[in-house]
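> One predicted model, sequence on top.
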Amino acid sequence: MKHFSEMSESALRVVDAAEGLIQERGYNGFSYDDVAKLVGIKKPSIHHHFATKGDLATAVAQRYTHRFREQLLRIEVQHARAPDRLTAYATLFENTFAAEHRLCVCGMLGAEAKSLPDGVAHEVSRFFEANTDWLAMVITEGQRAQQLRAQPEARALADAFLATLEGAMIVARSVRGARGPAGVAQTYLSTLLA
């Protein structure tokens, strides 16, 4: 399977359509028929680019992780302080959710982890590892600079913050009037400030 950076424009349109469908319905909630209708092509054309649905979802998760990592680098450049970086991180989730109450691609896929092909599950795991590693690094730096409380330890806080944001998206999609990721993150972060 080609890396997403080597794909043709038509293959990327298929990836775009599948990404939206995953954010809306999950892996088990869409078919190649759904993608074909969105893109305006026939099913065999999708199979030309992606032999299996697993290959397609792997490309979606791979590209999503890559884009997220790019955003993390931008946050590091734009914000020096840990609390500001964590607030900007929460904004990534808020921006995703603001687009028609879409959920994080890897959050949706992670909910279906037991039924995912191995390649997709691997990419989802990479997404969560990259995010918790980055969050733990930011929190550790914030604790050392006495911008954030020293306890609990950084990895536990990173895991909890990521889970909080993913959960906030699900709750806000399900419960009218519930606060989205940015509001929930603000409350969470207020408990961490030194």
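Cool, the structure landed.

> Quick one: neighbours of Ala154, just the number.
Number of residues near Ala154 (other CB atoms under 10 Å) recorded here: 21. Quick note: C-beta positions are derived from backbone N, CA and C, even for glycine.

> Repeat that for Tyr64.
23.

> Could I get the contacting residues of it?
Glu19, Val105, Cys106, Phe127 (CB atoms under 8 Å, 6 or more residues apart in numbering).

> Quickly find the element holding it.
helix 53-78 (DSSP states H and E).

> Name the next helix or strand downstream of that helix, please.
Criterion used, DSSP H and E; the element after helix 53-78 is helix 82-98.

> per-residue confidence averaged over that following helix?
Averaging pLDDT along helix 82-98 gives 95.

> Can you identify the element that follows that helix toward the C-terminus?
helix 105-111.

> The helix or strand that that next one is followed by to helix 82-98, inter-axis angle?
Using DSSP H and E, the helix or strand that follows helix 105-111 in sequence is helix 118-144. Helix 118-144 and helix 82-98 are oriented at 150 degrees to each other (axes from the mean of the first three to the mean of the last three CA atoms, to 10 degrees).

> for helix 118-144, which positions count as buried?
119-121, 123-124, 126-128, 130-132, 134-143 (16 or more other CB atoms under 10 Å).

> sorry, back to before: got CSV for the contacts of Tyr64, with distance to Phe30 and pLDDT too?
Shown next, in CSV, are the contacts of Tyr64 (distance: CB to CB, whole Å; pLDDT from 0 to 100):
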residue, distance to Phe30, pLDDT
Glu19, 10, 96
Val105, 12, 95
Cys106, 16, 96
Phe127, 19, 97
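
> Please name the nearest non-neighbouring residue to Tyr27.
Spatially, and ignoring its direct neighbours in sequence, Tyr27 is nearest to Glu112 (5.0 Å; CB to CB, 6 or more residues apart in numbering).

> Once you drop chain neighbours, what's closest to Ala182?
Nearest non-adjacent residue to Ala182 (CB to CB, 6+ apart): Glu94, at 3.9 Å.

> quick one: contacts for that neighbour?
Going by CB under 8 Å, 6+ apart, Glu94 touches Gly180, Pro181, Ala182, Ala185.

> Of the residues you listed, which is the most crowded?
Pro181 (27 neighbours).

> Pull the contacting residues for that residue.
Contacts of Pro181 by CB under 8 Å, 6+ apart are Ala90, Phe93, Glu94, Phe97, Leu165, Ala168, Met169, Ala172.

> what about the chain, any weak spots by pLDDT?
The model of the chain has pLDDT under 70 over residues 1-5, 194.

> If we use 90, what do you get?
Residue ranges of the chain with pLDDT under 90: 1-11, 44, 98-101, 150-151, 173-180, 192-194.

> Geometric centre of it: which residue is closest?
Closest to where the C-alpha atoms of the chain average out (CA atoms, centre = their mean) is Cys104, at 4.0 Å.

> gap between Val175 and Met169?
12 Å (CB to CB, to the nearest Å).

> higher neighbour count, those two?
Higher neighbour count among Val175 and Met169: Met169, with 24 against 9, using other CB under 10 Å.
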